[in-house]
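*Asks:* one predicted model, sequence on top.
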Amino acid sequence: MYILGIESSCDDTSAAVLQDNILLSNVTASQDVHFEYGGVVPELASRAHQQNIVPVVSAALKRAGITKEQLSAVAFTRGPGLMGSLLVGVSFTKGFARSLGIPMIDVNHLQGHVMAHFIKEKPEDTTPPFPFLCLLVSGGNSQIVKVNAYNDMEVLGQTIDDAAGEAIDKCSKVMGLGYPGGPIIDRLARQGNPLAYKFAEPHIPGLDYSFSGLKTSFLYSLRKWIQDDPDFVEHHKNDLAASLEHTIVDILMKKLRLAVKQTGIKHVAVAGGVSANNGLRNAFHDHAKRYGWTIYIPKFSYTTDNAAMIGITGYYKFLDKDFCSIDKPAFSKVTFK
């Protein structure tokens, strides 16, 4: 079977084609228009999706070497995300699927990030066994998920305020480094001392996260240092980035270690945009050596929003004939079903 996946939850328009569970193409159009605003502008994002979605889908089909008439189903992101962006993908999918007479498959965006570990480029590629733990970290979410099956995911802990990715972006903005902050902080951190500065770490019971206190600590510390040296950021940006990254990774891994201890599950994965961070990836490799974890880290191309993860989720739902009726609306907020 051939599955077309469509992702449009934020500012990336993406389409992918899978033959069963093997990825044939994965095309993404990013939006540079948001850089000057320091964040995603929802209205501009939805307009860009309208411009990009037809060319992106056409390119995905062409690279896969198939025609639209060969498709068995269309999987699409129904939520969560920016409503205007989601509506473009949902509306396109409804018209496209109806014109071809094929079923639609709605996918939870967060479920898609976890299922990115099941994308195969070759039949022999390995995937995590059930159950496994997944640290899902992005600009909008920070969660520890126990994955019992592709359609059975239990959130063991999640952020009670800000997400890890959001904290990185906000601190980057405070330093005047630009948007998106994740790649900038990652690049600078590789050249800095991670122990140069200390920032407040939250003391939240259980497996839940909190990053608002870290943002406040970073802001107040920076203000104090800038009073003494107006060029402090420029003189110490590498060390600041490294210390910020070290603190966030430390917070994430402490809770994940606790989750492994409580569940006894040592198959551990990471997913979401922040999983592209080198400090976090290095921490996973370190924990694999120290604690005997079997780790699963996605390719960089599958960490950010992409349609391949939507397509692979659609493949498993197709096997169960879990289709979506045409009257289902998009939704902007939810965790897992």
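*Replies:* Right, received. Where do you want to start?
*Asks:* who are the packing partners of the helix or strand residue 46 falls within?
*Replies:* Using DSSP states H and E, residue 46 sits in helix 42-64. Using 3 or more C-beta pairs under 8 Å, 6 or more residues apart in numbering; DSSP states H and E, the elements in contact with helix 42-64 are strand 2-7, strand 13-19, strand 22-29, helix 83-100. C-beta coordinates here come from the backbone N, C-alpha and C atoms, glycine included.
*Asks:* swap the cut-off to 10 Å and go again
*Replies:* With contacts taken as 3 or more C-beta pairs under 10 Å, 6 or more residues apart in numbering; DSSP states H and E, helix 42-64 sits against strand 2-7, strand 13-19, strand 22-29, helix 83-100, helix 307-319.
*Asks:* let's have these in JSON lines, adding distance to residue 241.
*Replies:* As requested, the helices and strands packed on helix 42-64 are exported to JSON lines (distance: least, C-beta to C-beta, whole Å):
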{"stretch": "strand 2-7", "distance to residue 241": "29"}
{"stretch": "strand 13-19", "distance to residue 241": "28"}
{"stretch": "strand 22-29", "distance to residue 241": "26"}
{"stretch": "helix 83-100", "distance to residue 241": "29"}
{"stretch": "helix 307-319", "distance to residue 241": "28"}
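*Asks:* ok, the nearest residue to residue 275 once chain neighbours are set aside - contacts?
*Replies:* Leaving aside its sequence neighbours, residue 275 sits nearest to residue 303 (C-beta to C-beta, 6 or more residues apart in numbering; 4.7 Å). Contacts were defined as C-beta atoms under 10 Å, 6 or more residues apart in numbering; by that measure residue 303 touches 113, 116, 137-138, 182, 270-277, 281, 297, 309.
*Asks:* now do residue 109
*Replies:* 7-10, 77-81, 86, 138, 140-141, 305, 309-310, 313, 331, 334.
*Asks:* do the same with residue 263
*Replies:* Applying C-beta under 10 Å, 6+ apart, the residues contacting residue 263 are 131-133, 144, 146, 154, 156.
*Asks:* quick one, which of the residues you listed are buried?
*Replies:* 132-133, 144, 146, 156 (16 or more other C-beta atoms under 10 Å).
*Asks:* narrow the residues you listed to those in helices?
*Replies:* Judged by DSSP state H, the buried ones among the contacts of residue 263 include no members of helices.
*Asks:* out of those residues, which one sits closest to residue 235?
*Replies:* residue 144 (37.2 Å; C-beta to C-beta).
*Asks:* isn't that closest one up against residue 114?
*Replies:* No. Using C-beta atoms under 10 Å, residue 144 makes no contact with residue 114, being 11.2 Å away.
*Asks:* mutual contacts of these two, please.
*Replies:* Taking C-beta under 10 Å, 6+ apart as the contact rule, residue 144 and residue 114 both touch 134-136.
*Asks:* and those residues, which is closest to residue 189?
*Replies:* Of all the shared contacts of residue 144 and residue 114, residue 189 sits closest to residue 135, with 18.7 Å by C-beta to C-beta.
*Asks:* just say helix, strand or coil for the closest one.
*Replies:* strand (DSSP: H, G, I helix; E, B strand; the rest coil).
*Asks:* contacting residues around it?
*Replies:* 114, 142-145, 157, 164, 252-253, 255-256, 259, 268-272, 274-275, 280, 284.
*Asks:* any idea how far residue 151 is from the nearest residue to residue 83 once chain neighbours are set aside?
*Replies:* Leaving aside its chain neighbours, residue 83 sits nearest to residue 332 (4.7 Å; criterion: C-beta to C-beta, 6+ apart). Between residue 332 and residue 151 the distance is 22 Å, computed by C-beta to C-beta, to the nearest Å.
*Asks:* neighbour-wise, which of the two wins?
*Replies:* Neighbours of residue 332 and residue 151, each counted by other C-beta atoms under 10 Å, are more numerous for residue 151; the result is 16 against 13.
*Asks:* so the more buried one touches residue 105, yeah?
*Replies:* No. Using C-beta under 10 Å, residue 151 is not in contact with residue 105, being 11.9 Å away.
*Asks:* quick check: neighbours shared by the two?
*Replies:* Shared contacts of residue 151 and residue 105 (C-beta under 10 Å, 6+ apart): 313, 316-317, 320, 322.
*Asks:* out of those, what pair is the most spread apart?
*Replies:* Within these, two members stand farthest from each other by C-beta to C-beta: 313 and 320, at 11.3 Å.
*Asks:* how about the helices and strands packed on helix 42-64, which one is nearest residue 121?
*Replies:* strand 22-29 (5.6 Å).
*Asks:* who's in contact with residue 239?
*Replies:* For residue 239, the contact set (C-beta under 10 Å, 6+ apart) comprises 188-189, 191-197.
*Asks:* can you put those in a markdown table and add neighbour count?
*Replies:* Putting the contacts of residue 239 into a markdown table (neighbours: other C-beta atoms under 10 Å) gives the following:
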| residue | neighbour count |
| --- | --- |
| 188 | 20 |
| 189 | 24 |
| 191 | 11 |
| 192 | 21 |
| 193 | 14 |
| 194 | 17 |
| 195 | 10 |
| 196 | 14 |
| 197 | 19 |
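*Asks:* alright, calling it a day.
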